[in-house]
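Q: Sequence first, predicted coordinates after that:
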Amino acid sequence: MMKKLIINNKESKYPIIQGGMGIGISLSRLSIASIKAGIVGTISAAQPGFLSKKFKSDTLNSNLEALAREIKTVRDECPDGILGVNVMYAGTNYDEYIKFLSKQEIDFIVSGAGLPVDLPKYLKGSSVKPAVIVSSGKAAKIICKKWMRSFNVLPEFVVVEGPLAGGHLGFSKEEIESGDYKSLETLLEEVLIEVRKVEEEYKVSIPVIPAGGISTGEDVARYIEMGSAGVQVATRFIATEECDVSDAYKQKIVNAREEDVIFVPSPVGLPGRAIRNAFTDALKTKNQKIKYCVDCLRVCAKKDIPYCITEKLGNASGGDAENGLVFSGAKAYMIDRISTVKEIVEELISECKYCFE
Ligand SMILES: Cc1cc2nc3c(=O)[nH]c(=O)nc-3n(C[C@H](O)[C@H](O)[C@H](O)COP(=O)(O)O)c2cc1C
């Protein structure tokens, strides 16, 4: 049976969240298409002002202005859809983003890339709900305990991100290299056990949403059968007409073969998953010169780093998919054409329904 996904008292037609993707990949165009297709839209707060003239001199305000603009664009078209913003906990000025977003017309803020222990602090009195991305049952337990104790709030939903996801992974280089990491199924079971305990104790319902490598309706059906309230999908939505990223980036995803999807080191210290290109080949022999720094991540060492992540993601996003960083999920190789968000959603849902018949 297809479950209902309810976020901020709104019911999504289909239980799918379009995952947040930075830099400049999931902005208003992708969110509008997602909401119109009957799923939940997520704008990424990772440097959305990258193309602004004052980005390098006034990064924070360029990003906040861009966020306000993107949110308004979605709301003008989709006043009632479920819309959220993904803000990485590892980013600088995290508090400033949350304070600003607490006053915007969005339904939720979802944070991963670290444990967002104080996310609800700035949402008191706001209609914006806090949600979290975790990669273990332990992290889900800590967040529920901490948020309840400090803010009397529980997550609006919990995303469980597994090892096949795109972008930065919640697993160390050693874990990835040795293959010593848990599958999304195992992680989902762990998180469901922890969340069920919280639901029983407080008599609430917290949707648990797996993410990472979900690319068919059969995947969706499997996770729903396991007890999730829906799924989060990101990579599949890159190769769509509506995705905000450059055509060159989309084409890189379409052309990727299985062996082109590789791990790359990142200034954050955690491995990332990306499509092999001239940039990743060059990285094997030498670090890339850092041209500027907008102090994007609290966790960046800034010295002796392989490259600047904002510069390289921004370059790829803007159209230089050979010399920039093309983040992608593990299943990018299964994508062989540019389609539309609606086509993908309809395909996932009809395949999923078929599995339940
Ligand atoms: C290109 C790309 C960029 C991403 N950027 C972010 C981000 O800025 N913040 C974040 O929390 N997750 C980010 N993610 C993770 C996605 O939101 C999502 O949870 C994950 O990729 C799901 O797996 P899938 O891509 O296999 O569907 C990114 C993923 C991709 C593919």
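A: Here it is on my side, so go on.

Q: Distance of the spatially closest residue to L184 that is not a sequence neighbour relative to L188?
A: If the residues on either side of it in the chain are set aside, L184 comes closest to G162, at 2.9 Å by CB to CB, 6 or more residues apart in numbering. To be clear about C-beta, it is placed using only N, CA and C from the backbone, and glycine gets the same treatment. According to CB to CB, to the nearest Å, G162 stands 8 Å off from L188.

Q: Same question for K54.
A: 43 Å.

Q: So which of those two has more stuff around it?
A: Comparing K54 with L188 by other CB atoms under 10 Å, the one with more neighbours is L188, at 23 against 11.

Q: who's in contact with the more buried one?
A: 160, 162, 208, 210, 223, 226-228 (CB atoms under 8 Å, 6 or more residues apart in numbering).

Q: switch to 10 Å and redo it
A: Counting by CB atoms under 10 Å, 6 or more residues apart in numbering, L188 touches 137, 160, 162, 182, 208-211, 222-223, 226-228.

Q: gap between the residue in the stretch 151-300 of the chain positioned nearest to the ligand and K291?
A: Going by CB to the nearest ligand atom, the ligand is nearest to G166 of the stretch 151-300 of the chain, at 2.4 Å. G166 sits 25 Å away from K291, taking CB to CB as the criterion.

Q: And for V245?
A: Taking CB to CB, one finds V245 at 21 Å from K291.

Q: what's the answer for P271, then?
A: 24 Å.

Q: who has more neighbours, the two?
A: Legend: neighbour count by other CB under 10 Å for P271 and K291, higher for P271 (20 against 8).

Q: Which pLDDT value belongs to that one?
A: Listed pLDDT for P271 reads 88.

Q: That one contacts H168, doesn't it?
A: Yes - contact status for P271 versus H168: in contact at 7.7 Å, counting by CB atoms under 10 Å.

Q: tell me which parts of the stretch 51-200 of the chain are close to the ligand?
A: For the stretch 51-200 of the chain, the residues in contact with the ligand (CB under 6 Å from any ligand atom) are 86, 88, 112-113, 133, 161, 164-167.

Q: now these in JSON lines, with pLDDT, neighbour count and secondary structure?
A: Converted to JSON lines, these look like this (pLDDT from 0 to 100; neighbours: other CB atoms under 10 Å; DSSP: H, G, I helix; E, B strand; the rest coil):
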{"residue": "N86", "pLDDT": "98", "neighbour count": "24", "secondary structure": "strand"}
{"residue": "M88", "pLDDT": "94", "neighbour count": "27", "secondary structure": "coil"}
{"residue": "G112", "pLDDT": "93", "neighbour count": "25", "secondary structure": "coil"}
{"residue": "A113", "pLDDT": "86", "neighbour count": "22", "secondary structure": "coil"}
{"residue": "I133", "pLDDT": "97", "neighbour count": "29", "secondary structure": "strand"}
{"residue": "E161", "pLDDT": "96", "neighbour count": "27", "secondary structure": "strand"}
{"residue": "L164", "pLDDT": "94", "neighbour count": "19", "secondary structure": "coil"}
{"residue": "A165", "pLDDT": "95", "neighbour count": "31", "secondary structure": "coil"}
{"residue": "G166", "pLDDT": "94", "neighbour count": "28", "secondary structure": "coil"}
{"residue": "G167", "pLDDT": "89", "neighbour count": "27", "secondary structure": "strand"}
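
Q: Tell me which two in those are the farthest apart.
A: The largest separation in those, counting by CB to CB, is between M88 and L164 at 19.3 Å.

Q: Quick check: buried residues in the host helix or strand of L188?
A: Element membership for L188, per DSSP states H and E: helix 184-202. Residues of helix 184-202 classed as buried: 184, 187-188, 190-192, 194-195, 198-199 (neighbour count, 16 or more other CB atoms under 10 Å).

Q: same check, this time on stretch 120-131
A: 120-123, 126, 128-131.

Q: where in the stretch 201-350 of the chain is pLDDT low?
A: Applying pLDDT under 70 to the stretch 201-350 of the chain flags no residue at all.

Q: Which residue ranges of it form helices?
A: Assigned by DSSP state H, counting those that start in this stretch, the helices in the stretch 201-350 of the chain fall at 217-226, 247-255, 278-283, 309-318, 341-356.

Q: got those helices as CSV, with mean neighbour count columns?
A: Output for the helices of the stretch 201-350 of the chain, formatted as CSV (neighbours: other CB atoms under 10 Å):
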stretch, mean neighbour count
helix 217-226, 18
helix 247-255, 19
helix 278-283, 16
helix 309-318, 24
helix 341-356, 17
